[in-house]
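> Here is the input, now give the coordinates:
(one chain, ligands or ions: 1)
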Amino acid sequence: MDNRELIRSALEAMKKAYTPYSDYKVGAALLTKSGKVYQGCNIENAAYTPTNCAERTAFFRAVFDGEREFDRICVVGGKHGEPVDYAAPCGVCRQVMMEFCDPETFRIILAVDEDHYSEYLLKELLPLGFGPGNLA
Ligand code: THU
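Numbering: from 1, shown residues only. The predicted structure follows:
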């Protein structure tokens, strides 16, 4: 699975977004170390705070399926479902990544389209992250 395929998968996931309040649609495609892809979209709520981001939808679907080892995630998003710049993960989603991923190796691909993307390590987006290792 190359980055272009993962970006296509995130763009496809974005179409499922449920966003009656913001109309900001986000799609995520999470690649496990075993090569499976879990898609996620944001799911909004009339009470606002129960809204679930696309990244967390993807992680929770994967963890429910028993997956615990992740290689990278691609995130796309934009108003009306039209990405024009990067949709960077919110702080809560970065913290969820920290729970299941090694910040030194887990990569986050932020894309506008298949030809325009950047790759970051989790440790770059969440420096000095607090994770399971701190409680060991
Ligand atoms: N959103 C995500 O899905 N992922 C993020 O990391 C940032 C924000 C969603 C939540 C909400 O539905 C919309 O984008 C606007 O905040």
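> Same question for stretch 104-115: list its buried residues.
Within stretch 104-115, the residues that count as buried by 16 or more other C-beta atoms under 10 Å are Phe106, Arg107, Ile108, Ile109, Leu110, Ala111, Val112. No exception for glycine: its C-beta is placed from N, CA and C like everyone else's.
> and the end-to-end length of that stretch?
Stretch 104-115 has an end-to-end distance of 25 Å (C-alpha to C-alpha, to the nearest Å).
> For it, the averaged confidence score.
Averaged across stretch 104-115, pLDDT comes to 98.
> can you list contacts of that stretch?
3-4, 6-8, 10-11, 70-76, 83-89, 97, 117-123, 125 (C-beta atoms under 8 Å, 6 or more residues apart in numbering).
> Centre of the chain to it, how far?
Remark: stretch 104-115 is offset 9 Å from the chain centroid, using C-alpha atoms, centre = their mean, to the nearest Å.
> now swap in stretch 43-52 and tell me
With C-alpha atoms, centre = their mean, you get 17 Å for stretch 43-52.
> and it, which residues are buried?
Those would be Ile43, Glu44, Thr51, Asn52, for stretch 43-52 by 16+ other C-beta under 10 Å.
> One more: stretch 3-20?
Asn3, Leu6, Ile7, Arg8, Ser9, Ala10, Leu11, Ala13, Met14, Ala17, Thr19.
> again, but for stretch 19-29
Under 16+ other C-beta under 10 Å, the buried positions of stretch 19-29 are Thr19, Lys25, Val26, Gly27, Ala28, Ala29.
> Show me which of the residues you listed is closest to Gly133.
Distances from Gly133 to the buried residues of stretch 19-29, taken as C-beta to C-beta, are shortest for Ala28 (24.5 Å).
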